[in-house]
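A.B. asks: have a look at this prediction, sequence included:
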Amino acid sequence: MTSIRRFSVLPALVLILTTMFSFTVKESNNSLLYRTNNLSIAVDGTSSLHDWTVKSEKGQCDMNLVLTGDKLTGITSLNFSVPVETLKSGHGAMDNNTFKALKSKNYKNITFTLTSGTVTPVDAVTYKVKAVGKLSIAGTTKETEILGTVKYNAADQSFTLTGVKKMNMTDYNVEPPTALFGTIKTGNAISITYNAKITK
């Protein structure tokens, strides 16, 4: 009789332990929304006259990060948007040529939407992030890979995102701008540097 009672208790014990384990896993893995309204973008390029840079600090970015304890273990969403006409060089004529080349009257924003992402730890607070997604520029959308470094700031529990993306303007059907009736020509290759502090 005693052995029968012990055996009948076993399934209940297994169920309790399984439930506790499941609860612990759910509690230790959290997907949290982080965002910023001042994503900083700098686009660097060349021309037949001199190198040039246009900048914006008006980009918006939000992302869902998966945390296990205080460690970043995954990224499930990432979206950013930069208004084209906030990209400024400090020279009005060049800015107008930039807006024209990017077709800003019809396509107000440069956007990116994540389709998949991976996180690789570098040290206790630094991670490499690879984001694959849809990048839209001047009406052309292509799948591309964006690499970045994410660093955890323990003081305010925020993250800092930095990275560089190199491409050609013509990849997105953007005609490199010219000036002075074509005597000044812009190089096709550009480098996009981005920087953002993201918080919950």
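C.D. replies: Received it, and whenever you're ready, just let me know what you need. Residues are numbered from 1 along each chain as shown.
A.B. asks: can you show me the strands along the protein?
C.D. replies: Using DSSP state E, the strands of the chain run over residues 29-45, 52-68, 71-83, 109-121, 126-137, 140-153, 158-168, 178-179, 184-185, 189-198.
A.B. asks: just checking, what packs against the fifth one?
C.D. replies: This means strand 126-137. Secondary-structure packing of strand 126-137 (3 or more C-beta pairs under 8 Å, 6 or more residues apart in numbering; DSSP states H and E): strand 71-83, strand 109-121, strand 140-153. Every C-beta, even on glycine, is put in place using the N, C-alpha and C of the backbone.
A.B. asks: now mean neighbour count, distance to residue 43 and mean pLDDT too, for these, in a markdown table please.
C.D. replies: Below are the helices and strands packed on strand 126-137 laid out as a markdown table (neighbours: other C-beta atoms under 10 Å; distance: least, C-beta to C-beta, whole Å; pLDDT from 0 to 100):
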| stretch | mean neighbour count | distance to residue 43 | mean pLDDT |
| --- | --- | --- | --- |
| strand 71-83 | 18 | 10 | 94 |
| strand 109-121 | 16 | 10 | 96 |
| strand 140-153 | 15 | 14 | 95 |
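A.B. asks: where does the chain dip in pLDDT?
C.D. replies: 1-29, 179-183 (pLDDT under 70).
A.B. asks: list the contacts of the most centrally placed residue in it.
C.D. replies: The residue lying closest to the centre of the chain (C-alpha atoms, centre = their mean) is residue 78, at 5.5 Å. Going by C-beta atoms under 8 Å, 6 or more residues apart in numbering, residue 78 touches 61-64, 112-114, 117, 131, 133.
A.B. asks: of these, which pair is most distant in space?
C.D. replies: Distances among the contacts of residue 78 were taken as C-beta to C-beta; the most separated pair is 64 and 112, at 14.6 Å.
A.B. asks: what residues are up against residue 135?
C.D. replies: Contacts of residue 135 (C-beta under 8 Å, 6+ apart): 110-112, 141-144, 146, 172.
A.B. asks: next one: it from residue 32, what distance?
C.D. replies: Residue 135 is 25 Å from residue 32, where distance means C-beta to C-beta, to the nearest Å.
A.B. asks: same check, this time on residue 169
C.D. replies: 36 Å.
A.B. asks: who has more neighbours, those two?
C.D. replies: A count of neighbours by other C-beta atoms under 10 Å puts residue 169 above the other of residue 169 and residue 32, at 21 against 11.
A.B. asks: against residue 98, how distant is that one?
C.D. replies: 11 Å.
A.B. asks: excluding sequence neighbours, find me the nearest residue to residue 141.
C.D. replies: Take residue 141 and drop its neighbours on the chain: the residue closest to it by C-beta to C-beta, 6 or more residues apart in numbering is residue 134, 5.3 Å away.
A.B. asks: identify the bridge partners of that neighbour.
C.D. replies: Taking DSSP bridges, one obtains residue 113, residue 143 as the residues bridged to residue 134.
A.B. asks: residue 200 is in contact with residue 33, correct?
C.D. replies: Yes. Using C-beta atoms under 8 Å, residue 33 is in contact with residue 200, at 7.0 Å.
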